[in-house]
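> Build the 3D model from these lines:
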Amino acid sequence: MSEAKTYRGLTLEQLNSKSIDEVIQLLPSRAKRSLRRGLNPETRKLLAAIREARKAVEAGNEQPLVETHRRDMPILPEMVGLKVHVHNGKEFIPVEIGVDMIGHFLGEYAITNKKVAHGQPGVGASRSSMYVPLR
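Next up is the predicted model:
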């Protein structure tokens, strides 16, 4: 029997039944401050698209594509279970939102840099490689 995931002792159903002000009180201080300062128009548009996607999923339809550049949007309980494509500066990275992600920011899950793997020195690598003896 699988146990329902909780956030600060509350199940997802309990969190969704609370008002947005009550949910904000449960979030970490950084996300709480971000939401208390108000939402700008771009963030409101993202929240509307997420609510529209939630309605489509609950109606049994396929989830519409939700893409965003808003990396500073805190993850709220109403986003759980959706897939949001977050821009990392080059491409959109799909992020599947779970209960354990509530209170974090979308940008935390779309890494903006990647591991640098330098090649072997050799012919054509750089000007300095002409002085490296080739074997």
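
> Now for the chain: which helix has the highest residue count?
Using DSSP state H to define each element, the chain has its longest helix at helix 41-58.

> need the next SSE after that one, C-terminal direction.
strand 66-68 (DSSP states H and E).

> The helix or strand following that next one pairs with which strands?
Next helix or strand after strand 66-68 toward the C-terminus (DSSP H and E): strand 83-87. Partners of strand 83-87 in the sheet, by DSSP bridges, are strand 66-68 (parallel), strand 92-96 (antiparallel).

> Show me which parts of stretch 77-95 are buried, residue by residue.
Within stretch 77-95, the residues that qualify as buried are Pro77, Glu78, Met79, Val80, Gly81, Leu82, Val84, Val86, His87, Asn88, Phe92, Val95, counting by 16 or more other Cβ atoms under 10 Å. Yep, even glycine has a C-beta here, placed from its N, CA and C like the rest.

> Determine which two of the residues you listed are furthest apart.
Using Cβ to Cβ, the buried residues of stretch 77-95 span at most 24.5 Å, a distance reached by Pro77 and Asn88.

> returning to that earlier point: nearest to Glu58 among the buried residues of stretch 77-95?
Nearest member of those to Glu58, counting by Cβ to Cβ, is Gly81, at 9.9 Å.

> Dump the strands paired with strand 83-87 to JSON lines, plus mean pLDDT and distance to Leu15.
Converted to JSON lines, the strands paired with strand 83-87 look like this (pLDDT from 0 to 100; distance: least, Cβ to Cβ, whole Å):
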{"stretch": "strand 66-68", "mean pLDDT": "95", "distance to Leu15": "20"}
{"stretch": "strand 92-96", "mean pLDDT": "96", "distance to Leu15": "18"}
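
> For stretch 92-105, C-alpha coordinates in PDB please.
As requested, the backbone C-alpha atoms of stretch 92-105 are provided in PDB (Å, rounded to 0.1, in the frame of the first residue of the first chain):
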ATOM      1  CA  PHE A  92      13.100  24.200 -22.700                       C
ATOM      2  CA  ILE A  93      13.700  21.500 -20.100                       C
ATOM      3  CA  PRO A  94      10.600  19.400 -19.100                       C
ATOM      4  CA  VAL A  95      10.100  19.400 -15.400                       C
ATOM      5  CA  GLU A  96       7.600  16.900 -13.900                       C
ATOM      6  CA  ILE A  97       6.400  18.500 -10.600                       C
ATOM      7  CA  GLY A  98       6.000  16.400  -7.500                       C
ATOM      8  CA  VAL A  99       4.900  17.000  -3.900                       C
ATOM      9  CA  ASP A 100       8.500  17.200  -2.700                       C
ATOM     10  CA  MET A 101       9.100  20.200  -5.000                       C
ATOM     11  CA  ILE A 102       6.600  22.500  -3.400                       C
ATOM     12  CA  GLY A 103       8.200  25.700  -2.100                       C
ATOM     13  CA  HIS A 104      11.200  25.400  -4.500                       C
ATOM     14  CA  PHE A 105      11.600  27.500  -7.600                       C
END
